[in-house]
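A.B. asks: give me a 3D structure for the following:
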Amino acid sequence: MPFNWDLVWSSFGPLVVGAVTGTIPLTLASFAIGLALALVVALMRLSRNTVVSGIARFYVSVIRGTPLLVQLFVIFYGLPTVGVKLDPWPSAIIAFSLNVGGYAAEVIRAAILSVPKGQWEAGHTIGMSRGQSLRRIILPQAARVSVPPLSNTFISLVKDTSLASLILVTELFRVAQQIAAFSQEFMVLYLEAALIYWVICLALSSGQSVLERRLDRYVAH
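C.D. replies: Here you go, the predicted structure:
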């Protein structure tokens, strides 16, 4: 069968709109919330209080040990059975944020641990509290180490947002599904959606490289 180029051109606009109004905002919101959660969880993991660190370890274990799709379904389809009903968008953001938090927490924890202990001692020597040393000395250095893995997490999240189509969130892949169901041209639409995801990820990878080069200027070699 000939490739339906007319469908490709006519569907390109709606797919891009789905990416701009659905995929990208969902990714940004989930990553921002997840990153804030990850920082808290990472600090809890580093706590000397066994209860606090245990809670954080349990959370990370659950998130990393269960599929994202299951987490999404538990929040959207499972919570209503116990009286908590959420709309598709909040459900997706909560699920993706919790997932990012679990994975990024380990990245941040490892980055903090990679900073030499002498840096903590240097902060203490000049009169800084532990919190001040963390904010002014440790986290800036840990940020450089964590950029590559966190960037990879962000890029993976862009692709993972396609799962939100399963709970009726209108994003890029959901739009592709709708057009494909109407036109019956599933191969054309899914390949076109894949191409748009690829282009977005290529742009993000380029941005990651630029950010790493900028941060390299503040690292002694």
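A.B. asks: average model confidence for the longest helix along the chain?
C.D. replies: For the chain, the helix with the greatest residue count under DSSP state H is helix 186-216. The pLDDT scores in helix 186-216 average 90.
A.B. asks: and if you look at stretch 62-70?
C.D. replies: Here the average pLDDT along stretch 62-70 is 96.
A.B. asks: any idea how far apart the tips of it sit?
C.D. replies: 11 Å (Cα to Cα, to the nearest Å).
A.B. asks: buried sites along that stretch?
C.D. replies: Ile63, Leu68 (16 or more other Cβ atoms under 10 Å). For the C-beta atoms, the positions are set from N, CA and C on the backbone; glycine is no exception.
A.B. asks: state the distance from Ser146 to Pro140.
C.D. replies: Distance of Ser146 to Pro140, computed by Cβ to Cβ, to the nearest Å: 11 Å.
A.B. asks: neighbour count winner among those two?
C.D. replies: Ser146 (23 against 13; other Cβ atoms under 10 Å).
A.B. asks: show me what contacts that one?
C.D. replies: Val107, Ile108, Ala110, Ala111 (Cβ atoms under 8 Å, 6 or more residues apart in numbering).
A.B. asks: pretty sure Phe186 sits against Ile179.
C.D. replies: No. Counting by Cβ atoms under 8 Å, Phe186 does not reach Ile179; the two are 9.8 Å apart.
A.B. asks: settle it for me: which of these two has more neighbours?
C.D. replies: Legend: neighbour count by other Cβ under 10 Å for Phe186 and Ile179, higher for Ile179 (21 against 13).
A.B. asks: need the pLDDT of that one.
C.D. replies: At Ile179, pLDDT is 95.
A.B. asks: surely it and Pro14 touch.
C.D. replies: Yes. Between Ile179 and Pro14 there is a contact under Cβ under 8 Å: 6.6 Å.
A.B. asks: look up how far Ala95 lies from the nearest residue to Gly22 once chain neighbours are set aside.
C.D. replies: In this structure, Gly22 finds its nearest non-sequential neighbour in Glu171, 3.1 Å apart by Cβ to Cβ, 6 or more residues apart in numbering. In this view, Glu171 and Ala95 are 14 Å apart by Cβ to Cβ.
A.B. asks: repeat that for Val158.
C.D. replies: 15 Å.
A.B. asks: more neighbours: which of the two?
C.D. replies: Comparing Val158 with Ala95 by neighbour count (other Cβ under 10 Å), the higher total belongs to Ala95, at 25 against 20.
A.B. asks: picking up where we left off before, which of the contacts of Ser146 has the largest number of neighbours?
C.D. replies: Result: Ile108 is most packed of those (other Cβ under 10 Å), 25 neighbours.
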